[in-house]
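> Next input, structure requested:
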Amino acid sequence: QMWEEAISLCKELAEQYEKEVFDYELLSQNLIQQAKFYENIMKILRPKPDYFAVGYYGQGFPTFLRNKVFIYRGKEYERREDFQTQLMSQFPSAEKMNTTAAPGEDVRNSPGQYIQCFTVQPVLEEQPRFKNKAVPDQIINFYKSNNVQRFHYSRPVRKGSVDPENEFASMWIERTSFVTAYKLPGILRWFEVVSISQCTISPLENAIETMSTTNEKILMMINQYQSDENLPINPLSMLLNGIVDPAVMGGFAKYEKAFFTEEYIKHHPEDTEKLNRLKDLIAWQIPFLGAGIRIHERRVSENLRPFHDRMEECFMHLKVKVEKQYGTRELPEFDDKKVGRPRSMLKSYRQLSFISMCSISSDCSTPKKPASESFDLEAVLPKQGKAESEETAPQNNPHPEVKMRRSKKRTKRSSVVFADEKTAADIPISDMKSV
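Numbers count the residues shown, from 1 in each chain. Okay, the predicted model is just below:
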């Protein structure tokens, strides 16, 4: 289902059919196939495969595996447990490691075999052609799990004193980054890791990343429900209720208690910009939630109407509180009726979750055709009126060849508009008169 790769190959064939072999019948079939691929990209939901990091430690492995790490691309809907079971069956004497930390020298130099396996997240590479453009989520989703070379694994670590009532204040993230020799998928479903690096993310940075991910998830779900009227309402209900109802997950109130205090600001003056970013993300979540609740109101059944009313009540209380503390954010109005399908909020406001305020005022209008490409009928057919008058005047011309030419000219006159403008302009007027 890698239709994007198939389209690039079809384009190469189309150029050959059009400019080299001039086989327009094969060209038309090729373009029809391309159109089908584009339609599949927008309409068919493709499962995202998981990626697994596998380390082979110990002197018992052959040299091409010994003390090396590989990234494997799993099959569709393949769980880590199933993948690990199949992997261990190939090395019956190997011992499974239950930790994700890098092993020490004692394990690396031991005569045995130790296998470490855990799930990693692919990192979306920057696509220059998508920069500052409104790109539908269906297109971007492909590049989130394909043509990737960087992978992350994050695990929480505790530093300093732990607050039992608010774990976010002391939750640091140790992130390990892996870079493979080639992009996945490729000729193989696995490639060796050529670079490993580690960094530590502070609790505040983790809160910012979590809020950004949550906002992106809300927008993505809104996009899905706008595009498909037949989706079940339950996933949207669970997502919205888990955010607006403080009794479910606590919302972002724990972030406020952990970071928006005078004590934290006093001891961390360097985090002023990050604090403002987190406040902005919290403020922008309100209009996103409002859009989701409006969709939920239109889709909800009568049996779930009390649940919706309760959720809407919680949202109104949350909205008043957030707008009072962090200001009001409003989404621009958009009209779904002007396009053939519901317009994706995600593609218009994707950058909002990254504090890109300029995306609100960006103009995503369809580019107009340059004036040089416009067709001028007078340039192609100079003195057409005179030619037609000469054609209609001698009706009693006895020459049969002249009559046949006139008939062909009348039936094929519409084909002139597809001629090259320059070529048509270079036709001598005398030749046109002779016709």
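> Name the surrounding residues that touch the helix or strand hosting F151.
F151 belongs to strand 148-158 when assigned by DSSP states H and E. With contact meaning Cβ atoms under 8 Å, 6 or more residues apart in numbering, strand 148-158 is reached by 51, 53, 71, 100, 118-125, 170-180, 182-184, 200-201. C-betas here are computed from N, CA, C, even on glycine.
> Of those residues, which count as buried by neighbour count?
51, 53, 71, 100, 118, 120-122, 170-173, 176-178, 180, 184, 201 (16 or more other Cβ atoms under 10 Å).
> so of these, which ones are in strands?
Applying DSSP state E to these, the entries found in strands are 51, 53, 71, 118, 120-122, 171-173, 176-178, 180, 184, 201.
> now, the most widely separated pair of these?
Across those, no pair lies farther apart than M171 and L184, at 30.3 Å, counting by Cβ to Cβ.
> Show me the domain layout of this structure.
Following automatic domain parsing, one finds the domains of the chain at 3-43, 51-201, 204-359.
> Mean pLDDT for the ones you listed - can I get that in CSV?
Output for those, formatted as CSV (pLDDT from 0 to 100):
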stretch, mean pLDDT
domain 3-43, 94
domain 51-201, 91
domain 204-359, 79
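> my read: R175 touches S202, true?
No - look at R175 against S202 with Cβ atoms under 8 Å: they stay out of range, at 11.5 Å.
> Does the top helix by length along the chain pack against any helices or strands, and if so which?
Counting by DSSP state H, the longest helix found in the chain is helix 272-299. For helix 272-299, the packing partners by 3 or more Cβ pairs under 8 Å, 6 or more residues apart in numbering; DSSP states H and E come out as helix 203-227, helix 234-244, helix 253-259, helix 305-326.
> Out of the ones you listed, which is closest to E192?
That would be helix 203-227 among these, by Cβ to Cβ, at 28.6 Å.
> could you give the angle of the closest one to strand 148-158?
Counting by axes from the mean of the first three to the mean of the last three Cα atoms, to 10 degrees, helix 203-227 lies at 130 degrees to strand 148-158.
> between helix 203-227 and helix 272-299, how many degrees?
30 degrees.
> burial count for A169?
A169 is flanked by 20 other residues according to other Cβ atoms under 10 Å.
> scratch that, P128
5.
> Next one: it relative to M220, how far apart?
23 Å (Cβ to Cβ, to the nearest Å).
> same check, this time on A291
A291 is 12 Å from M220, by Cβ to Cβ.
> next one: R80
For R80 relative to M220 (Cβ to Cβ), the value is 24 Å.
> One more: K36?
From K36 to M220 the distance is 25 Å (Cβ to Cβ).
> more neighbours, those two?
Neighbour tally, K36 and M220, criterion other Cβ under 10 Å: the higher count belongs to M220, 16 against 13.
> ok, M221 - contacts?
235-236, 239, 292.
> Please render these as TSV that adds distance to R310 to the earlier fields.
Listed next are the contacts of M221 as TSV, based on distance: Cβ to Cβ, whole Å:
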residue	distance to R310
P235	18
L236	15
L239	15
G292	15
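> Helix or strand: which one has the residue most central in space within the chain?
When Cα atoms, centre = their mean is applied to the chain, the residue found nearest the centroid is I140 (1.8 Å). Here I140 sits within helix 137-145, counting by DSSP H and E.
> name the helices or strands packed onto that helix?
On a contact count with 3+ Cβ pairs under 8 Å, 6+ apart, helix 137-145 meets helix 24-43, helix 203-227.
> hmm, who's touching it?
2, 4, 41-42, 46, 48-49, 51, 122, 124-125, 127, 130, 220, 223-224, 344, 346-347.
> and that helix with helix 24-43, angle?
With the same axes, to 10 degrees as the basis, helix 137-145 and helix 24-43 are set at 90 degrees to each other.
> got the buried residues for helix 137-145?
With burial defined by 16+ other Cβ under 10 Å, the residues of helix 137-145 counted as buried are 137-138, 140-143, 145.
> C-alpha coordinates for it, PDB please?
Backbone C-alpha positions of helix 137-145 (Å, rounded to 0.1, in the frame of the first residue of the first chain) are rendered in PDB as follows:
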ATOM      1  CA  ASP A 137      -3.400  14.600   7.400                       C
ATOM      2  CA  GLN A 138      -3.900  11.600   5.100                       C
ATOM      3  CA  ILE A 139      -0.800  12.700   3.100                       C
ATOM      4  CA  ILE A 140       1.400  13.400   6.200                       C
ATOM      5  CA  ASN A 141       0.500  10.100   7.900                       C
ATOM      6  CA  PHE A 142       2.500   8.200   5.300                       C
ATOM      7  CA  TYR A 143       5.700  10.000   6.100                       C
ATOM      8  CA  LYS A 144       5.300   9.400   9.800                       C
ATOM      9  CA  SER A 145       6.100   5.700   9.400                       C
END
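> what distance separates that helix from the centre of its chain?
Distance of helix 137-145 from the chain centroid (Cα atoms, centre = their mean, to the nearest Å) equals 4 Å.
> Repeat that for stretch 283-300.
Using Cα atoms, centre = their mean, the offset of stretch 283-300 from its chain centre is 21 Å.
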